[in-house]
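Novice: 3D, please:
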Amino acid sequence: MNVPFNRIKATWPMVEALTKSLGSSVGFEPALSHWSGDGPYTQLVLEKLSGLIPDSMLLMTTSASQALEMAVALSGIGPGDEVILPSYTYASCANAILSVGATPVFAAVTPETLCLDPNSVERLLSPKVKAVMPVHYGGVPADLGALMALCQAHELTLIEDAAQAIGSTWHGRALGSIGDFGAISFHDTKNLTSGEGGLLLVNASKQAKWDQAQIYHQKGTDRLQFLKGQRDRYEWVGPGVSASPSELLMALLSPQLDDLEAINGRRRAIVRRYEAVLGATSVPEILSFTKDDPSGNGHLFFVRFRASAVAGAFMAFMQSRGIDVRTHYQPLHASPHGRAFRCDPALFSGLDSDLGKCVVRLPLSQHLEDSEIDYVCEVLKDALIHSHTGL
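Specialist: Numbers count the residues shown, from 1 in each chain. The predicted structure follows:
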């Protein structure tokens, strides 16, 4: 049996919504025919998301990367400023900081969750630091209590990278909505997908930033007021970007939001299956693995090995049985472009220095069949026996 790392399926409600968005040319009502951004499906998606995320003001974007870039720009961060972020994350986080001329500063992650370590952040604080950007890795909350306390004590902006965290919460509040700004992704690797797409979240207490965000989102114009009938034309009133995703993508996303609870529930059930296998076997070479979190969304399942050689042997074993397993991020501080930026080498000594080669992810998708998960668990048990002896 071959088991893919991820599987995407178009359901009939998604096909129906997309067809309606394509419009009257295929027999549906003209009112839903809209291909560019900010149409009826965009509004429907925003209404549904507002129900899930009541503590934020929301704007759809073409990607979470763009949402992060907007968040950094709206924070007033610029040349000479620094932003602390985990080294173990995607390049988009650092690129968002570089896009305004600021400097990324790389911090370590906690061993259990691979989320930003508050102690590491505290060690890196300096007068140049203006913001902290935690990443909710795998949809599991970072230590927001400690990070918020640091940000409040030092008057820093908190920008949440919640790209993987749609439907995840912290003390009942949606991830991405707790800091000053947040970003969520709808890339095709995420729990909900429009192929490409993202969401910018602006904290409900930041009305002035929200007013600025709406202009920035519309290429620096007051177009949104025009669309709402509040102006007879729109004008250029400030800096901005083209951020509205196509209406066709929003048509794909809208029906999935109705099934978010079931989707995340299915993914968490798979996480529990893998967790049970790993929890039943003591393997010294394994340092940590994903634990089901009631506040999480089952986005991914990782296994962190003590040594890259063992991780590589584990991957080879699983792949030889037809199971597509993957590594994840190469830590940014050790990447070719990242070596030019500030970090404390002591934070990345020992095991953390090789983290990118020691983490392996297992297949996870709501569209994987029970028989496929059964097979992964069976092969995983065999792999753990081999791992215990060094494979």
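
Novice: for the stretch 1-150 of the chain, which spans come out with low pLDDT?
Specialist: Under the criterion pLDDT under 70, the flagged ranges of the stretch 1-150 of the chain are 24-34.

Novice: Which parts of it are helices?
Specialist: For the stretch 1-150 of the chain, helices defined by DSSP state H, counting those that start in this stretch occupy the ranges 12-22, 40-52, 64-74, 91-98, 118-124, 144-154.

Novice: looking at these, which is closest to His171?
Specialist: Comparing those against His171 with CB to CB, the closest turns out to be helix 144-154 (8.4 Å). Glycine gets a C-beta too; all of them are placed from N, C-alpha and C.

Novice: Who are the packing partners of that closest one?
Specialist: Contacts defined by 3 or more CB pairs under 8 Å, 6 or more residues apart in numbering; DSSP states H and E place helix 144-154 against helix 118-124, strand 129-132, strand 157-161.

Novice: one more time with 10 Å
Specialist: When contacts are defined as 3 or more CB pairs under 10 Å, 6 or more residues apart in numbering; DSSP states H and E, helix 144-154 sits against helix 118-124, strand 129-132, strand 157-161, strand 169-170.

Novice: returning to what we had before: looking at the helices of the stretch 1-150 of the chain, which is closest to Leu227?
Specialist: Once the helices of the stretch 1-150 of the chain are compared by CB to CB, helix 40-52 is nearest, at 9.9 Å.

Novice: tell me how far that closest one is from the chain's mean position?
Specialist: Distance of helix 40-52 from its chain centroid, counting by CA atoms, centre = their mean, to the nearest Å, is 19 Å.

Novice: and that helix, which residues are buried?
Specialist: For helix 40-52, the neighbour count (16 or more other CB atoms under 10 Å) marks Pro40, Tyr41, Thr42, Leu44, Val45, Leu46, Lys48, Leu49 as buried.

Novice: Redo the residues you listed as CSV? Include distance to Val83.
Specialist: Shown next, in CSV, are the buried residues of helix 40-52 (distance: CB to CB, whole Å):
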residue, distance to Val83
Pro40, 37
Tyr41, 34
Thr42, 30
Leu44, 34
Val45, 29
Leu46, 28
Lys48, 31
Leu49, 26
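
Novice: Sort out which one of the residues you listed lies nearest Thr169 for me.
Specialist: Each of these was scored against Thr169 by CB to CB, and Leu49 proved nearest at 14.2 Å.

Novice: if I pick that closest one, what's in contact with it?
Specialist: For Leu49, the contact set (CB atoms under 10 Å, 6 or more residues apart in numbering) comprises Ser56, Leu58, Met60, Ile166, Ala174, Ile184, Leu199, Leu201, Leu253, Ser254, Leu257, Leu260.

Novice: Mind putting those into JSON lines with distance to Gln218, neighbour count and secondary structure?
Specialist: Formatted as JSON lines, these follow (distance: CB to CB, whole Å; neighbours: other CB atoms under 10 Å; DSSP: H, G, I helix; E, B strand; the rest coil):
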{"residue": "Ser56", "distance to Gln218": "19", "neighbour count": "25", "secondary structure": "strand"}
{"residue": "Leu58", "distance to Gln218": "15", "neighbour count": "22", "secondary structure": "strand"}
{"residue": "Met60", "distance to Gln218": "12", "neighbour count": "26", "secondary structure": "strand"}
{"residue": "Ile166", "distance to Gln218": "24", "neighbour count": "28", "secondary structure": "coil"}
{"residue": "Ala174", "distance to Gln218": "25", "neighbour count": "23", "secondary structure": "strand"}
{"residue": "Ile184", "distance to Gln218": "20", "neighbour count": "31", "secondary structure": "strand"}
{"residue": "Leu199", "distance to Gln218": "16", "neighbour count": "27", "secondary structure": "strand"}
{"residue": "Leu201", "distance to Gln218": "17", "neighbour count": "29", "secondary structure": "strand"}
{"residue": "Leu253", "distance to Gln218": "20", "neighbour count": "25", "secondary structure": "helix"}
{"residue": "Ser254", "distance to Gln218": "21", "neighbour count": "26", "secondary structure": "helix"}
{"residue": "Leu257", "distance to Gln218": "23", "neighbour count": "19", "secondary structure": "helix"}
{"residue": "Leu260", "distance to Gln218": "28", "neighbour count": "17", "secondary structure": "helix"}
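
Novice: sorry, back to before: distance to Met318 and mean neighbour count added to the helices and strands packed on helix 144-154, as JSON lines?
Specialist: Listed next are these as JSON lines, based on distance: least, CB to CB, whole Å; neighbours: other CB atoms under 10 Å:
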{"stretch": "helix 118-124", "distance to Met318": "31", "mean neighbour count": "18"}
{"stretch": "strand 129-132", "distance to Met318": "36", "mean neighbour count": "22"}
{"stretch": "strand 157-161", "distance to Met318": "29", "mean neighbour count": "27"}
{"stretch": "strand 169-170", "distance to Met318": "32", "mean neighbour count": "20"}
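
Novice: Name the residues of the helix or strand hosting Ile373 that are buried.
Specialist: In the assignment (DSSP states H and E), Ile373 maps to helix 370-388. By 16+ other CB under 10 Å, the buried positions in helix 370-388 come out as Glu372, Ile373, Tyr375, Val376, Cys377, Val379, Leu380, Ala383, Leu384, Ser387.

Novice: Could you give the separation of it from the chain centroid?
Specialist: Centre-to-centre, helix 370-388 and its host chain are 27 Å apart (CA atoms, centre = their mean).

Novice: wait, what's in contact with the closest residue to Thr42 other than its chain neighbours?
Specialist: Closest residue to Thr42 apart from its sequence neighbours, by CB to CB, 6 or more residues apart in numbering: Met250 at 4.6 Å. By CB under 10 Å, 6+ apart, the contact list for Met250 reads 17-18, 21, 34, 37-46, 60, 186, 194, 197, 244.

Novice: switch the cut-off to 8 Å
Specialist: Counting by CB atoms under 8 Å, 6 or more residues apart in numbering, Met250 makes contact with Ser21, Gly39, Tyr41, Thr42, Leu44, Val45, Met60, Ser194, Gly197.
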